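Participant: What follows is a predicted structure for the sequence shown.
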Amino acid sequence: MEAAAFFAVSQYYNIPLAQLLYAGDDVSGEEWDSRNWNTQNNIRYDLIISAIEIVKKL
């Protein structure tokens with residue numbers, strides 16, 4: 001929902017927008033599966049590095 005709101009505002013004001021979304025856990029089943037999201041530092045680090053590299057190219 002938050003992403004939809006950001007995209008709606010960016011479209012209204014004609015501002016380019018991109019989002020990188022990271023879903024670290026799984027809530028699709030009857031029980032919550034954390035998938036150890038709080039220990040996946042390498043994935044979050046790679047996401048930040050990717051975001052920085054994308055912004056540098058803008």
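Facilitator: Here it is on my side, so go on.
Participant: Let's see the pLDDT reported for Leu58.
Facilitator: According to the prediction, Leu58 has pLDDT 78.
Participant: Would you check how far apart it and Gly29 are?
Facilitator: Distance, Leu58 to Gly29, by Cβ to Cβ, to the nearest Å: 39 Å. C-beta coordinates here come from the backbone N, C-alpha and C atoms, glycine included.
Participant: tell me, what residue is most central in this protein?
Facilitator: Centroid-nearest residue in the chain, with Cα atoms, centre = their mean: Leu21, separated by 1.7 Å.
Participant: Determine the longest helix present in this protein.
Facilitator: Longest helix of the chain, by residue count under DSSP state H: helix 41-56.
Participant: what does that one rub up against?
Facilitator: Under the criterion Cβ atoms under 8 Å, 6 or more residues apart in numbering, residues 18, 20, 22, 24 lie in contact with helix 41-56.
Participant: If we ignore the residues flanking it in sequence, what's nearest Val9?
Facilitator: Closest residue in space to Val9, ignoring its immediate chain neighbours: Ile15 at 7.7 Å, by Cβ to Cβ, 6 or more residues apart in numbering.
Participant: The one you found: what secondary structure?
Facilitator: Three-state assignment for Ile15 (DSSP: H, G, I helix; E, B strand; the rest coil): coil.
Participant: For burial, what's the neighbour tally of Ala51?
Facilitator: For Ala51, the neighbour count with other Cβ atoms under 10 Å is 13.
Participant: Quick one: residues contacting Phe7.
Facilitator: 17, 19.
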